[in-house]
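Asks: here is a sequence with its predicted model. Questions after.
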Amino acid sequence: MTEQGNSGEETRQPSVLGEIRRPAHMAALPELLEFVSSKEREQGFSPERIEEIGSALEEALAGVVTEAYRVRQGEISITCGLDPWGKLVISMIDTGDPFNILLADVVFAGEEPGDEKKMASARLIKKMIDNIEYKRVERENMLTFTVSGRCRTKR
C-alpha cells in the first residue's frame, strides 16, 4: 500500500497480518505467543528464530502482566505486520500502569541496581530483538518489536 507523503513523494505503509486481543493474565500468554509464532511461520522464519523471538516476547508479556496490571484488570492487544522493508513488526498495546521493560536493566548514577529478574529479562529482550521501541501515549503502553528472520544467537 502506498500514499502521498507531505513533500509529494510516495511512501509505503506497513501491512497488517493480524491482530489478537486477550485478557492481561498469565493464562493468556500461550495463545498470544502462538499467534505471533504463526505469523512468523507464515513469513518463513526458521524454528530457531521463532524460538528467539518467542523467548523475548514471553519475557515482555510476563513483565506487562505482572507490572502493569498489579492492581487492575485489562487486555493486551498484539498486532503483527510487515514494515516497508519486509521486516516483521510486533506491536503490543495495553492500558495498564506505565511500564517500560527497556529501562529495567539501566542503573542511573547514585541508584542501586534493580530487580535482577527484571534486569535479566530486559537484557534477553535486547539481545534477541533487532529494534525495540516503547511509548506511553494517551494512557497506553506501546511496545514494538521489529524483527528480521536472521538469528541473533549462534547455534
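Replies: Yep, that arrived. Numbers count the residues shown, from 1 in each chain.

Asks: and the helices in the protein, which stretches?
Replies: For the chain, the helices defined by DSSP state H cover 29-42, 47-63, 116-128.

Asks: identify each buried residue in the second one, please.
Replies: Going back to what we said before, that points to helix 47-63. For helix 47-63, burial by neighbour count (16 or more other Cβ atoms under 10 Å) applies to 49-61, 63. For the C-beta atoms, the positions are set from N, CA and C on the backbone; glycine is no exception.

Asks: would you mind putting the helices of the chain into a markdown table with mean pLDDT alongside?
Replies: A markdown table is the format used below for the helices of the chain (pLDDT from 0 to 100):
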| stretch | mean pLDDT |
| --- | --- |
| helix 29-42 | 97 |
| helix 47-63 | 95 |
| helix 116-128 | 79 |
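
Asks: distance to Arg72 added to the ones you listed, as JSON lines?
Replies: Shown next, in JSON lines, are the helices of the chain (distance: least, Cβ to Cβ, whole Å):
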{"stretch": "helix 29-42", "distance to Arg72": "18"}
{"stretch": "helix 47-63", "distance to Arg72": "16"}
{"stretch": "helix 116-128", "distance to Arg72": "20"}
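
Asks: in this protein, where is pLDDT below threshold?
Replies: In the predicted model, the chain carries pLDDT under 70 at residues 1-14, 104-116, 118, 154-155.

Asks: that one: strands as residue ranges?
Replies: Taking DSSP state E, the strands of the chain run over residues 2-4, 10-12, 15-23, 75-82, 88-94, 131-137, 140-147.

Asks: how about those strands, which one is nearest Leu102?
Replies: strand 131-137 (5.3 Å; Cβ to Cβ).

Asks: that closest one pairs with which strands?
Replies: In the sheet, strand 131-137 lines up against strand 140-147 (antiparallel) (DSSP bridges).

Asks: okay, buried residues for the strand it pairs with please.
Replies: Buried, per 16+ other Cβ under 10 Å, within strand 140-147: Asn141, Leu143, Thr144, Phe145, Thr146, Val147.
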